[in-house]
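[1] Just need the structure, nothing else, for what follows:
(one chain, ligands or ions: 1)
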Amino acid sequence: MQKYFSRANIYLVGKQVMPEAEVQRFLENEADTWLTDTDNAAQRIPELAGRICYMSFGDKQGRKDNASYLGHIMQVGHGSVLEHAVFSLLLTGVSRSLTHELVRHRAGFAYSQLSQRYVDETEAQFVIPPAVQGDAELEKLLKDHCDATLKVYAELTEKLAEKYATPEGLVDFALREEQLTEGENGKFTFGEAVEGHDKLSIDDWRELVGKNEGVAKYFKKKTIRGRRKSAREAARSVLPNATETKIFVTGNARSWRHFIELRGDIHAEAEIRALACDVARLLKKEAPNLFGDYEIVKLPDGSERTRTTHRKV
Ligand SMILES: Cc1cc2nc3c(=O)[nH]c(=O)nc-3n(C[C@H](O)[C@H](O)[C@H](O)COP(=O)(O)OP(=O)(O)OC[C@H]3O[C@@H](n4cnc5c(N)ncnc54)[C@H](O)[C@@H]3O)c2cc1C
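    The predicted structure follows:
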């Protein structure tokens with residue numbers, strides 16, 4: 001398994017389709033003809049949406065090609081039309097510090113990110129910040145620190161797991177997860193008798209778990225997921241911002257444009273700026289009429305930035 005990343009992996013895992021039969025049904029029922037020159041759904045959908053505003057079909061249709069239609073939309077800042085085109089990107093090889101900045105983009109985005117509570121990070125991977133990449137001394141400093149934190153993480157999870165596996169810990173977890181539930185007269189039950197034991201007070205359960213190996217084993221089995229999750233959620237506090245994460249991001253074309261503008265800007269942090277440039281490259285190829293105005297400019301230090309004449313449409 002790769003341990004260190006220097007660039008994000010971007011997977012375009014979701015985009016739209018436009019069922020032609022439904023478009024034709026609408027045109028026949030209500031709108032006459034529509035001339036366009038793209039079969040790219042991401043570009044056709046916002047064009048159709050925009051044309052609805054003025055019902056510019058048939059002899060009311062002015063522009064006859066998708067590029068000039070969407071270009072005009074951007075020029076006049078009618079950006080809401082672009083919200084109908086949606087792209088889902090799965091990002092891996094990005095750091096937690098990058099995603100902390102990414103999720104600040106609220107409008108038009110949906111996120112699903114790897115959980116450090118549910119997923120074990122004993123073998124976490126890391127992202128080397130662009131400024132550190134290629135400098136042997138700095139890379140060693142960073143990698144040594146990452147290795148050291150993984151050791152502390154492993155030790156913390158192990159020690160917490162031990163702590164949670166004491167008779168008190170096991171009964172507490174069973175209670176917290178509502179597996180051990182209160183019945184009548186302050187007696188608790190597991191819903192089924194545990195090796196014939198049922199309806200005991202909390203103190204009696206603790207005592208029983210302490211002296212009966214079979215009952216302790218049963219409690220351990222029933223609480224294993226909760227105990228692991230609790231150990232990880234505490235231990236993750238030592239993991240650095242450089243820890244690699246995976247995030248599934250769905251955004252509409254207007255939101256992606258805003259992201260590319262803000263994070264591809266020279267003032268943006270280097271890792272997210274590189275991502276913004278890669279996202280711009282991918283989306284320019286995928287939907288040139290929506291993203292083709294972005295230039296990706298090489299900077300003297302070898303990194304890149306984005307630039308456009310249509311800001312915040
Ligand atoms: C170079 C750089 C440095 C930064 N530094 C910091 C920092 O030091 N500390 C920090 O906390 N953040 C910082 N940020 C994050 C920044 O403040 C924004 O949270 C982030 O860029 C998302 O931008 P946004 O709000 O425009 O995007 P979105 O949340 O996607 O919003 C898009 C647009 O929708 C509109 N909008 C969204 N929500 C509302 C609303 N509630 N009310 C009215 N209009 C709304 C606005 O026009 C907004 O521009 C930085 C960002 C950049 C690019």
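
[2] This structure: strands as residue ranges?
    4-5, 9-14, 86-95, 109-113, 126-127, 181-182, 188-189, 244-252, 295-298, 304-307 (DSSP state E).

[3] Looking at the ones you listed, spot the one closest to the ligand.
    The ligand lies closest, by Cβ to the nearest ligand atom, to one member of those: strand 109-113, at 6.5 Å. To be clear about C-beta, it is placed using only N, CA and C from the backbone, and glycine gets the same treatment.

[4] circling back: give me whichever of the strands of the chain is most buried.
    Highest mean neighbour count of those: strand 126-127, a mean of 26 (counted as mean count of other Cβ atoms under 10 Å).

[5] Tabulate the strands of the chain in TSV, adding columns for mean pLDDT.
    Output for these, formatted as TSV (pLDDT from 0 to 100):
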stretch	mean pLDDT
strand 4-5	96
strand 9-14	98
strand 86-95	98
strand 109-113	98
strand 126-127	98
strand 181-182	92
strand 188-189	92
strand 244-252	98
strand 295-298	98
strand 304-307	98
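
[6] Kindly report the residues of the stretch 51-200 of the chain close to the ligand.
    Proximity of the stretch 51-200 of the chain to the ligand, by Cβ under 6 Å from any ligand atom, involves residues Arg104, His105, Arg106, Ala107.

[7] Output these in CSV; the columns should cover distance to Leu200, pLDDT and neighbour count.
    CSV is the format used below for those (distance: Cβ to Cβ, whole Å; pLDDT from 0 to 100; neighbours: other Cβ atoms under 10 Å):
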residue, distance to Leu200, pLDDT, neighbour count
Arg104, 50, 98, 11
His105, 52, 98, 17
Arg106, 50, 97, 8
Ala107, 54, 97, 10
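
[8] Please tell me the pLDDT value assigned to Gln2.
    Looking at Gln2, its pLDDT is 66.

[9] which residue ranges form the helices in the chain?
    For the chain, applying DSSP state H gives helices covering 20-26, 41-54, 66-76, 96-102, 136-164, 167-176, 202-211, 213-235, 253-263, 270-286, 288-291.

[10] Reformat those as CSV; add mean neighbour count and mean pLDDT.
    Shown next, in CSV, are the helices of the chain (neighbours: other Cβ atoms under 10 Å; pLDDT from 0 to 100):
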stretch, mean neighbour count, mean pLDDT
helix 20-26, 11, 96
helix 41-54, 19, 97
helix 66-76, 18, 96
helix 96-102, 19, 98
helix 136-164, 15, 95
helix 167-176, 19, 93
helix 202-211, 16, 95
helix 213-235, 17, 92
helix 253-263, 23, 98
helix 270-286, 21, 98
helix 288-291, 23, 98
